[in-house]
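Peer 1: the sequence and its predicted three-dimensional model are supplied below.
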Amino acid sequence: MAQVMKGVRVLEVAQFTFVPAAGAILADWGADVIKIEHPVRGDTQRGFIKLGGIETDPNRCPFVEHPNRGKRSVGVDISTPEGMEVIYELAKTADVFLTNYLPNQRQKMKFDIEHIRAVNPNIIYARGSAFGDKGPDRDVGGFDGTAFWNRGGLADAFSPKELGGPISQGVPAFGDSIGGMNIAGGIAAALFHRAQTGEATELDVSLLSTAWWAAGTSIDMGIETNQIMGNRMPQSGGNPGNPLMGNYYCADGGVINMCTLTPGPHIKSFFQHIGKPELADDERFSEVKALMQNWEAASEIIVAAFAEKDFKYWREHLKTYSGQWAPVQSLLDIATDEQALANDMLFEVESASGGDPIKLVRGPVQFNHEPVKTERAPLASEHTELVLMELGMEWDKIEELKEKGAIA
Amino acid sequence: MKPGTKLKSTVCNTEVMVIKGSGLVVECGGAPMTAEGAADKGAINPDFAGGTLMGKRYVNEEGTVELLCVKAGEGALAIDGKVLPTKDAKPLPSSD
């Protein structure tokens, strides 16, 4: 893929998925991303012994690869003054400083914007936080489960009231991965602005702002109308007012999602495809207003029609339908979806511990129709000496810093 | 061996950077490593054929030696016939 960020150096002092994912996207795009990790523990992300209820293998960690592929890792204890000197040396050579540390930690350890700008006035300073860098909760940490999913309003919106409680996020690092892309986009814009005007900006993306943006249509509509949209309980049948919207269950339990928002132009094609061409001439359904008014009667007929054939049949058969629809797939089904694969959604990196390559999802942006080419995620502190020597640091100095425990 | 220098295997493609330790003979695939390596590579001793992995750090039990593998190969690293284990991060256990 075109290395649109070639020549850009990012210094990342961050952990988990949200903010490191921004570094991973920039690395996919060709940036030189130096990831700072604790000399002994590494990124806390490396410590997951269970994720989404699934036991992890310490030698094969897709959840470390996803937000860290293509980077180099340097082990620095940022809580020591000597370690912070190393950060400053690296910051002098960087275009972007990327962090998710809390304001009080940035102040205490002296890598807040004024400290980093003191050594490099032109650096773009990018912060990822739970709740934003202003306001009473700027010093409160969080994860996507808290800031994005629950406080962000999504858990409530996704959960039908009849369930009696909110569902959980269900997809690990879901808000983190969306948020990381938001940061990467902000950094790209900041780099463009700096190239155009010479001005270096600071930027903030929070998990809360990520949820707000993702749910923006519903929030704005909610404020405007004082009503909030929510999910209905799962069922086979059309949405009130539009029977060409809604999930329909197949004979074998598979589900087809009909999503024809503007049903008028598709009435004929739709009824043909469900084997009831005569209904396109039925005055209850033949014209869009009548169809919307008689949505219940239509829904009943469509439910029965879908229940006659299996998922595989509908999936194939609906390909020629003129309106919008989708098969309901699992996240494992999607890994073999020919359309996704035709768009290079998966790529491989070698496994640091040997064995088969690890398959990874690419970022959402593709340049020049080309697949991502990058390296595996670094091991913790894998590149400490190599990066510091590249920086011009003498071996004696490296040894001295090691003895003090400032680097590893 | 000396910190900051590189050693090459004489029996496979392995190359390491010496991070820590001096005055010891590091073996790879059963044969001593040298600064130059070997143009004609010898045979790997099957007892030392576990291989090396790029980016991994290999240490001795005493903690006096650390080698960073910068090029992988089929031989295993050893000192005095004792295979060197890898040094791994010790992350704090987490679960969601």
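Peer 2: Arrived safely.

Peer 1: which one of the residues in the stretch 1-150 of chain A is closest to chain B?
Peer 2: Ranked by C-beta to the nearest C-beta, the top residue of the stretch 1-150 of chain A for proximity to chain B is residue A:47, at 3.2 Å. (Glycine included, C-beta is placed from N, CA and C.)

Peer 1: give me the nearest residue to that residue, chain neighbours excluded.
Peer 2: Distance criterion C-beta to C-beta, 6 or more residues apart in numbering or on different chains; nearest residue to residue A:47, sequence neighbours excluded, is residue B:91 at 3.2 Å.

Peer 1: using the three-state scheme, assign the one you found.
Peer 2: coil (DSSP: H, G, I helix; E, B strand; the rest coil).

Peer 1: can you show me the strands along the chain?
Peer 2: Because you didn't say which chain, this covers chain A. For chain A, strands defined by DSSP state E occupy the ranges A:9-13, A:32-37, A:48-51, A:54-55, A:72-75, A:96-99, A:124-129, A:202-206, A:237-239, A:242-249, A:255-259, A:325-327, A:346-349, A:358-361.

Peer 1: can you look at chain B instead?
Peer 2: Using DSSP E, strands in chain B cover B:6-8, B:15-20, B:26-28, B:31-32, B:57-59, B:66-71, B:77-79, B:82-83, B:86-87, B:94-95.

Peer 1: on that earlier part again, Provide a list of residues in contact with the residue of the stretch 1-150 of chain A closest to chain B.
Peer 2: Contacts here follow C-beta atoms under 8 Å, 6 or more residues apart in numbering or on different chains; on that basis residue A:47 touches A:41, B:91-94.

Peer 1: and which of those residues is nearest residue A:53?
Peer 2: Each of the contacts of residue A:47 was scored against residue A:53 by C-beta to C-beta, and residue B:94 proved nearest at 13.7 Å.

Peer 1: so what sits opposite that closest one in the bridge?
Peer 2: Note on residue B:94: beta-bridge partners residue A:48, judged by DSSP bridges.

Peer 1: what's the separation between the residue of the stretch 1-150 of chain A closest to chain B and residue A:128?
Peer 2: From residue A:47 across to residue A:128, the span is 20 Å (C-beta to C-beta, to the nearest Å).

Peer 1: anything in the longest helix along chain A near chain B?
Peer 2: Identified as the longest helix of chain A according to DSSP state H is helix A:174-197. No: using C-beta under 8 Å from any C-beta of the partner chain, helix A:174-197 never reaches chain B; the gap is at least 11.3 Å.

Peer 1: please state the offset of stretch A:353-367 from the chain centre?
Peer 2: On the basis of C-alpha atoms, centre = their mean, to the nearest Å, stretch A:353-367 sits 15 Å off its chain's mean C-alpha point.

Peer 1: scratch that, stretch A:197-212 is what I was asking about
Peer 2: Distance of stretch A:197-212 from its chain centroid, counting by C-alpha atoms, centre = their mean, is 16 Å.

Peer 1: as a whole number, average confidence for that stretch?
Peer 2: The average pLDDT within stretch A:197-212 is 98.

Peer 1: may I see the buried residues of it?
Peer 2: Neighbour-count burial for stretch A:197-212 flags A:200, A:203-212 (criterion: 16 or more other C-beta atoms under 10 Å in any protein chain shown).

Peer 1: centroid residue for chain A?
Peer 2: residue A:177 (2.1 Å; C-alpha atoms, centre = their mean).

Peer 1: quick check: the farthest pair among the buried residues of stretch A:197-212?
Peer 2: Taking C-beta to C-beta as the measure, those have their most distant pair in A:200 and A:211, spaced 28.1 Å apart.

Peer 1: up against chain A, what does chain B have?
Peer 2: So chain B meets chain A at B:3-4, B:17, B:19-20, B:51, B:53-57, B:68, B:70, B:88-96 (C-beta under 8 Å from any C-beta).

Peer 1: filter those residues down to the buried ones.
Peer 2: For those, a burial check counting by 16+ other C-beta under 10 Å picks out B:3, B:17, B:19-20, B:51, B:53-57, B:68, B:70, B:88-89, B:91.

Peer 1: for residue 22, which non-adjacent residue is spatially closest?
Peer 2: Since no chain was named, I'll use chain A. In space, residue A:22 is closest to residue A:183, 3.6 Å off (C-beta to C-beta, 6+ apart).

Peer 1: you looked at the wrong chain, it should be chain B
Peer 2: Leaving aside its chain neighbours, residue B:22 sits nearest to residue B:2 (5.3 Å; criterion: C-beta to C-beta, 6+ apart).

Peer 1: ok, the nearest residue to residue A:322 once chain neighbours are set aside - contacts?
Peer 2: Among residues not flanking residue A:322 along the chain, residue A:269 sits closest, at 4.0 Å (C-beta to C-beta, 6+ apart). Each residue near residue A:269 by C-beta under 8 Å, 6+ apart is listed here: A:320-323.

Peer 1: next: residue A:14.
Peer 2: Residue A:14 neighbours (C-beta under 8 Å, 6+ apart): A:20, A:23, A:35, A:98-101, A:128.

Peer 1: could you tell me the per-residue confidence at residue B:55?
Peer 2: Residue B:55 carries a pLDDT value of 94.

Peer 1: now swap in the one 10 residues further on and tell me
Peer 2: Looking at residue B:65, its pLDDT is 96.

Peer 1: report pLDDT for residue B:93.
Peer 2: 88.

Peer 1: can you name the residues that contact it?
Peer 2: Going by C-beta under 8 Å, 6+ apart, residue B:93 touches A:47, A:49.

Peer 1: can you give me the distance of the closest residue to chain A within chain B to residue B:14?
Peer 2: For chain B, the residue closest to chain A is residue B:91, as judged by C-beta to the nearest C-beta, at 3.2 Å. Distance, residue B:91 to residue B:14, by C-beta to C-beta: 27 Å.

Peer 1: ok, back up a step: what's the farthest-apart pair in the buried ones among the residues of chain B next to chain A?
Peer 2: Across these, no pair lies farther apart than B:3 and B:91, at 26.6 Å, counting by C-beta to C-beta.

Peer 1: my guess is residue A:367 contacts residue A:5. True?
Peer 2: No: Residue A:367 lies out of contact with residue A:5 (C-beta atoms under 8 Å); the separation is 10.2 Å.

Peer 1: where do the contact lists of the two overlap?
Peer 2: Common contact partners of residue A:367 and residue A:5 (C-beta under 8 Å, 6+ apart): residue A:29.

Peer 1: need the residues of the stretch 1-150 of chain A near chain B, please.
Peer 2: Near chain B, when you scan the stretch 1-150 of chain A using C-beta under 8 Å from any C-beta, you find A:37, A:40-52, A:58, A:145.

Peer 1: just those residues now: which is nearest residue B:83?
Peer 2: Using C-beta to C-beta, the residues of the stretch 1-150 of chain A next to chain B come closest to residue B:83 at residue A:58, 19.8 Å.

Peer 1: which residue does the stretch 201-350 of chain A bring closest to chain B?
Peer 2: Closest contact between the stretch 201-350 of chain A and chain B, by C-beta to the nearest C-beta, is at residue A:350 (8.6 Å).

Peer 1: most neighbours per residue, which of the strands of chain B?
Peer 2: Ranked by mean neighbour count under mean count of other C-beta atoms under 10 Å in any protein chain shown, the strands of chain B are led by strand B:26-28, which reaches a mean of 26.

Peer 1: paired strands for it, with orientation please.
Peer 2: With DSSP bridges as the test, strand B:26-28 is paired with strand B:31-32 (antiparallel), strand B:77-79 (antiparallel).
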